[in-house]
Structures are given as C-alpha cells and as structure tokens.
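*Asks:* Quick one, structure for this:
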Amino acid sequence: MAVQKLLRLGNPKLYEVSRPVERQELSEMTRVVTDLHDTLMHFRDEWGPARAVAAPQIGVLKRLVYMFTDEPTVFINPVLSNFSSEMIELWDDCMSFPELLVRVRRYKSCTVTYRDLDWNEHSTKLTFLSELLQHECDHLEGILAISHAIDSKSIVLKTEREYAIGLSAN
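*Replies:* Numbers count the residues shown, from 1 in each chain. Okay, the predicted model is just below:
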C-alpha cells in the first residue's frame, strides 16, 4: 500500500501551479496513480466518502487527477472548456481540509479533454461530475475551494452541517 500524506490547508505547495505531464513521464505517473488510489481509499476508510484526488494534494506538482466513482478514471493534463451558462450552488468538501464545508458556485456542465495512461486523448461532456472535475482542476492551478466561497458565512465545520444546510436556504 502506498498511502501518501495529504497536504493540508495552509501548506504553501497547495497554492502552486502544477506542471503538465510529459509522455516520457508515464511510467512514473503510473506509480503516482497507485499512490493516489491508495490515498483515496485510505481517506474513505478514515473520513467517509471521497470521489477524487489531485496529484498536488500528495505533493506531486503534476497535472494529474485520479477519480474513483463507479470505476477508476485517470485524467492526465485535463482541460475544462464549454462551460454552461447555468451555475449550481453546493457545499464542497476537500480532502486537504476534511473538517470543513465550503459553499461555492460551479458550472452545471462542462467538457473535459484529457489523456489516459496510454496517452490516448479523450473528450467528455460532464454534467453529473462537472463540479467534481472543476474542484480537482482548481487544485492543478493552486486554487482551493475556500477561494470560491460565496461569502464570509460560506465556510463551516462539517460538525455544523445542519447549520450549513440552513445557510444555503437563505
């Protein structure tokens, strides 16, 4: 098992912009993907549901996202485009600050273009997972969900979830 330490809120590396993955780095990225998988599964055991993790969250400043919903998906050098005009509002959480919820606005849909571990290019329209990929791609830019907080009351402790849900109704 290759569980890696997650960088936590306040660590300056979380605010750095990640570099693109080069094709000749694929064998190294396979190891990073294993680390991301193991770290995500360990986080689920400790904290509960989690769907994705970006390489910078384990200190690897590369444009790589690992998502595990129904099945694992690796996004190498993801680029988001074709954002919908419609926005959604949600309480976002993050493995780098698992005690917090942040109320943010995200695009309801977008397109993600990326490469897989065989260096094949894919392009997929996202609706259901749009908010998740936006969150993870922000990590690649050194942007955290707290930077998208709707207002000063939009960052709360998860233990205050009931209060947080009441805030979103206002």
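
*Asks:* three-state assignment of the most centrally placed residue in the chain?
*Replies:* The centroid of the chain falls nearest to residue 136 when counting by C-alpha atoms, centre = their mean (2.4 Å). Classification of residue 136 by DSSP: H, G, I helix; E, B strand; the rest coil places it in helix.

*Asks:* who touches it in this structure?
*Replies:* 52, 53, 54, 65, 67, 75, 78 (C-beta atoms under 8 Å, 6 or more residues apart in numbering). Every residue, glycine included, has its C-beta placed from N, CA and C.

*Asks:* any idea how far the nearest residue to residue 133 once chain neighbours are set aside lies from residue 103?
*Replies:* Once flanking residues are discounted, residue 133 sits nearest to residue 112: 5.4 Å by C-beta to C-beta, 6 or more residues apart in numbering. Computed as C-beta to C-beta, to the nearest Å, the residue 112 to residue 103 distance reads 24 Å.

*Asks:* These two: which is more packed in?
*Replies:* residue 112 (23 against 20; other C-beta atoms under 10 Å).

*Asks:* how much space between that one and residue 139?
*Replies:* 14 Å.

*Asks:* Report how many residues lie close to residue 102.
*Replies:* Count around residue 102 with other C-beta under 10 Å applied: 22.

*Asks:* Pull the contacting residues for it.
*Replies:* Taking C-beta under 8 Å, 6+ apart as the definition, contacts of residue 102 comprise 91, 92, 93, 94, 145, 146, 148, 149, 154, 155.

*Asks:* Confirm for me that residue 100 is in contact with residue 160.
*Replies:* No: applying C-beta atoms under 8 Å as the test, residue 100 and residue 160 come out as separate, 9.8 Å apart.

*Asks:* Lovely, talk soon.
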